[in-house]
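K.L.:
quick check, what structure comes out for this input:
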Amino acid sequence: MTSASEASSRKRLTSPDRRAQILTAAESLFTERGFEGVGMSDIATHLGTSRPTVYSYFTSTGEMLAALLEGRLSALWDRIAPLLPDLACGEEPDFARLTGELLHERELLLLLHSGGGPVFREHRRAFLHGLEARLAESRPGGLQRSPEVLRLVILTLEAVALAALHGDLPAEHLPETLGAFVRGGLEEIQR
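P.N.:
Residues are numbered from 1 along each chain as shown. As a prediction, this is how the structure comes out:
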């Protein structure tokens, strides 16, 4: 049973703080149990609150996943946008630094691989398309002309970063090695 002070402190959270608290709990449970293994009642129980409280902020776990992925995308974008040169001028992205940034995105990588059902796949696909669109819009040139290559580069960077996170690949020198690999592949495709 919660004490009166714990209950009153829970009620004092502002609406944005409560929403953030719910998202934090959802992310933790999604990455621990898998997206499909978590329901609204699990999140409420984890927080020690009621389901109606959770439902007053989100209508479904899918809506929570979308909010989490959008927040992670915005944060990631803020860090990687400065690493992307103007591709219209013939410059290439620094894939080593991009990979290094992805290696620091543990929560995002785990979240992107926390489910497999249709709702999850739809949100994951929307996240990846959002990243592709931001890359293509911000750096005109080759990326807009070959979206399939852009998608392949993004999925390769993501897969390698996840493998490093799980210890399947040594993280030492990984950004430089992957950067050279992607650069070489792009050069071959452009021939």
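
K.L.:
okay, now residue 15: neighbour count?
P.N.:
Close neighbours of residue 15, defined as other C-beta atoms under 10 Å, add up to 9. Placement of C-beta: from N, CA and C, glycine included.

K.L.:
quick one: pLDDT of it?
P.N.:
Model confidence at residue 15, given as pLDDT, is 93.

K.L.:
offset the numbering so it begins at 14, please.
P.N.:
All set: I'll call the first residue 14, so the last point we hit is now residue 28.

K.L.:
residues contacting residue 145?
P.N.:
160, 163, 164, 167 (C-beta atoms under 8 Å, 6 or more residues apart in numbering).

K.L.:
quick one: which of those sit in strands?
P.N.:
Judged by DSSP state E, the subset of the contacts of residue 145 located in strands is empty.

K.L.:
okay if I get those residues as a markdown table plus distance to residue 189?
P.N.:
Shown next, in a markdown table, are the contacts of residue 145 (distance: C-beta to C-beta, whole Å):
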| residue | distance to residue 189 |
| --- | --- |
| 160 | 27 |
| 163 | 21 |
| 164 | 23 |
| 167 | 19 |
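
K.L.:
of the residues you listed, closest to residue 80?
P.N.:
Nearest to residue 80, judged by C-beta to C-beta, of the contacts of residue 145 is residue 167 at 21.1 Å.

K.L.:
does residue 113 sit in a helix or strand, and which one?
P.N.:
Using DSSP states H and E, residue 113 falls within helix 108-116.

K.L.:
against which helices or strands is that helix packed?
P.N.:
Judged by 3 or more C-beta pairs under 8 Å, 6 or more residues apart in numbering; DSSP states H and E, helix 108-116 is in contact with helix 74-93, helix 160-178, helix 187-203.
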